[in-house]
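Chemist: Got a predicted structure here, sequence first:
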Amino acid sequence: MIDMIAALQPLVVGAVLVWSARVKLFSRHATAAAHRSALVVLLGERRALPAYRLLGAVELTLGALLLLPPVSRLEATAATVLAVGFLAYLGYTRRVAPTASCGCLSAQPTPVSGRSLFRAGLLVVAGALALTGTAAWFDALADRPAAGTAVLLAELAVVVALSPELDATWLLPLRRLRARLTHPLRGGSGVPLLASVQQLQLSDVYRRVAPLLRSDVREHWDEDGWRFAAHAARYQGRPATAVFAVPLADPEPAAVRVALVDDATGQTLLSLAGTPPATGGRLTVVPA
């Protein structure tokens, strides 16, 4: 099994490299992506785009060599060295330019995150495994087509899951589908969501935190006589979730409460409350 997995790694690394090269060489947004990346800090404004294009050419050449059999040990070594370079570059970017875009698999402006670093680490491991392979990938697939295909699909799925710049392709549609399936407009309480949204938007706590909000209602749920509505927010430069609590039995805007929860730690950064509602259950703010 290990021999088969090692033999298939050139396909995984090659596919990722070719996809990454496509962005750098053929995307009409490549210039903007290069100037949003840490290459500007590392090489300067004038050299950022040529370096971005050159990296794309290297990725395309090496990716094609890995995809086209036979794969030599020299190609596997080059892929491993390039993956180590990616990991070092991303670590450098996160340290010196945390707001700079990765510019890896998409032209979308996406800062380097822990997921990006894990993806680069995965490519390092894949390249190292390719060095240990003794069989060609097409022989491994021919011998065990079902298992080989499953391994390839699983690895590529992990790469996609570790790529924040690809979230709009698969993660956001899944979230929208979940919202349609689990959060209908009218909850089990019989109070329309629109009524709760209007109530919280008329509240004093909403006006006080409105400058911090970065989205409309992203999700909502009912619990213990309250309707909770979560918004994306940013507080003192930190990504957060604003969780509004709207009493289902009290229509007064003054009864609305809000808590800002740090997305990374779950810590409550800010909590504001209006006047206590006349009726309604005990309020417990749960980080979204």
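Modeler: Okay, I see it.

Chemist: domain assignment for this protein?
Modeler: Per the record, the chain has its domains at 2-172, 193-273, by automatic domain parsing.

Chemist: Go through these and name the closest to residue 178.
Modeler: Shortest distance between residue 178 and these, using Cβ to Cβ, is found for domain 193-273: 8.4 Å. From N, CA and C alone the C-beta is placed, and that goes for glycine too.

Chemist: before we move on, the earlier item: would a markdown table of the domains of the chain with mean neighbour count and mean pLDDT be doable?
Modeler: Listed next are the domains of the chain as a markdown table, based on neighbours: other Cβ atoms under 10 Å; pLDDT from 0 to 100:
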| stretch | mean neighbour count | mean pLDDT |
| --- | --- | --- |
| domain 2-172 | 18 | 91 |
| domain 193-273 | 18 | 90 |
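
Chemist: Just give me the residue closest to the centre of this protein.
Modeler: Geometric centre of the chain, nearest residue: residue 164, 2.6 Å, by Cα atoms, centre = their mean.

Chemist: which residues touch the closest residue to that one other than its chain neighbours?
Modeler: Leaving aside its chain neighbours, residue 164 sits nearest to residue 110 (4.9 Å; criterion: Cβ to Cβ, 6 or more residues apart in numbering). Listed by Cβ atoms under 8 Å, 6 or more residues apart in numbering, the contact set of residue 110 reads 101-102, 116, 164-165.

Chemist: Of all the domains of the chain, which one is nearest residue 181?
Modeler: domain 193-273 (12.2 Å).

Chemist: now that closest one: how far from the chain's centre is it?
Modeler: Relative to the centre of its chain, domain 193-273 is centred 23 Å away, using Cα atoms, centre = their mean, to the nearest Å.

Chemist: Could you do stretch 133-141 as well?
Modeler: Distance, centroid of stretch 133-141 to centroid of chain: 32 Å (Cα atoms, centre = their mean).

Chemist: residues in contact with it?
Modeler: 3-4, 6-11, 69-71, 76, 148-149.

Chemist: can you rerun that using 6 Å?
Modeler: Residues from elsewhere that reach stretch 133-141 (Cβ atoms under 6 Å, 6 or more residues apart in numbering): 4, 6-8, 10-11, 69-70, 148.

Chemist: The stretch 1-150 of the chain: helices as residue ranges?
Modeler: For the stretch 1-150 of the chain, applying DSSP state H, counting those that start in this stretch gives helices covering 2-26, 30-36, 39-43, 45-67, 73-96, 114-132, 137-143, 145-161.

Chemist: Just put the ones you listed in JSON lines and tack on distance to residue 199.
Modeler: Converted to JSON lines, the helices of the stretch 1-150 of the chain look like this (distance: least, Cβ to Cβ, whole Å):
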{"stretch": "helix 2-26", "distance to residue 199": "45"}
{"stretch": "helix 30-36", "distance to residue 199": "40"}
{"stretch": "helix 39-43", "distance to residue 199": "46"}
{"stretch": "helix 45-67", "distance to residue 199": "49"}
{"stretch": "helix 73-96", "distance to residue 199": "41"}
{"stretch": "helix 114-132", "distance to residue 199": "37"}
{"stretch": "helix 137-143", "distance to residue 199": "59"}
{"stretch": "helix 145-161", "distance to residue 199": "37"}
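
Chemist: pretty sure the residue nearest to the centre of the chain contacts residue 117?
Modeler: No: Residue 164 lies out of contact with residue 117 (Cβ atoms under 6 Å); the separation is 11.1 Å.

Chemist: Compute the inter-axis angle for the helix or strand containing residue 172 and helix 145-161.
Modeler: Assessed by DSSP states H and E, residue 172 sits inside helix 167-182. Interaxial angle, helix 167-182 versus helix 145-161 (axes from the mean of the first three to the mean of the last three Cα atoms, to 10 degrees): 90 degrees.

Chemist: got the contact list for the following helix or strand past helix 167-182?
Modeler: Scanning forward in sequence from helix 167-182 by DSSP H and E, the next helix or strand is helix 193-201. Helix 193-201 has contacts (Cβ under 6 Å, 6+ apart) with 185, 206, 227, 244, 246, 253, 256.
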